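[1] turn this into a structure:
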Amino acid sequence: MQLTALIGKKIYQKQGFLQDGTRVPLSGIVVAGNVIAQVKSADKEGYNALQLGLGTNKKAKKAIKNHSKKAGLGMTPRFF
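    Numbers count the residues shown, from 1 in each chain. The predicted structure is shown next:
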């Protein structure tokens, strides 16, 4: 399986300049803390996929907490 995407959180936006003076927009994105919450296989679901989680959620609903516990995660991700 090939991972083609990550979940990230935008933390800042600023501008930079190239050698010729052209201004370019820059965005700072944090992708640290991505965890695999679920592996979907072709045998069970009919397709291959990974479910990623990012961040921590202190006030998660019971269903989300149980989903994280089943995945073996010590914390509940804020975003899936």
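
[2] all helices for this protein, in order.
    Using DSSP state H, the helices found in the chain span residues 62-71.

[3] under the pLDDT cut-off, which ranges of it? List them.
    Counting by pLDDT under 70, the ranges of the chain that qualify are 1-3.

[4] let's go with 80 and repeat that
    Low-confidence segments of the chain, defined by pLDDT under 80: 1-6, 32-35, 37, 54-57, 61, 64, 67-68, 74, 78-80.

[5] where do the strands sit along it?
    Counting by DSSP state E, the segments of the chain that form strands are 9-17, 23-30, 35-40, 49-53.

[6] for residue 74, which of those strands is the nearest?
    Among these, strand 35-40 comes nearest to residue 74, with 9.4 Å by C-beta to C-beta. (C-beta placed from N, C-alpha, C; glycine too.)

[7] quick one, the closest one and helix 62-71 angle?
    Relative orientation of strand 35-40 versus helix 62-71 (axes from the mean of the first three to the mean of the last three C-alpha atoms, to 10 degrees): 80 degrees.

[8] in strand 35-40, what's buried?
    Across strand 35-40, burial judged by 16 or more other C-beta atoms under 10 Å covers 35, 37.

[9] helices or strands up against that strand?
    Counting contacts by 3 or more C-beta pairs under 8 Å, 6 or more residues apart in numbering; DSSP states H and E, strand 35-40 packs against strand 49-53, helix 62-71.
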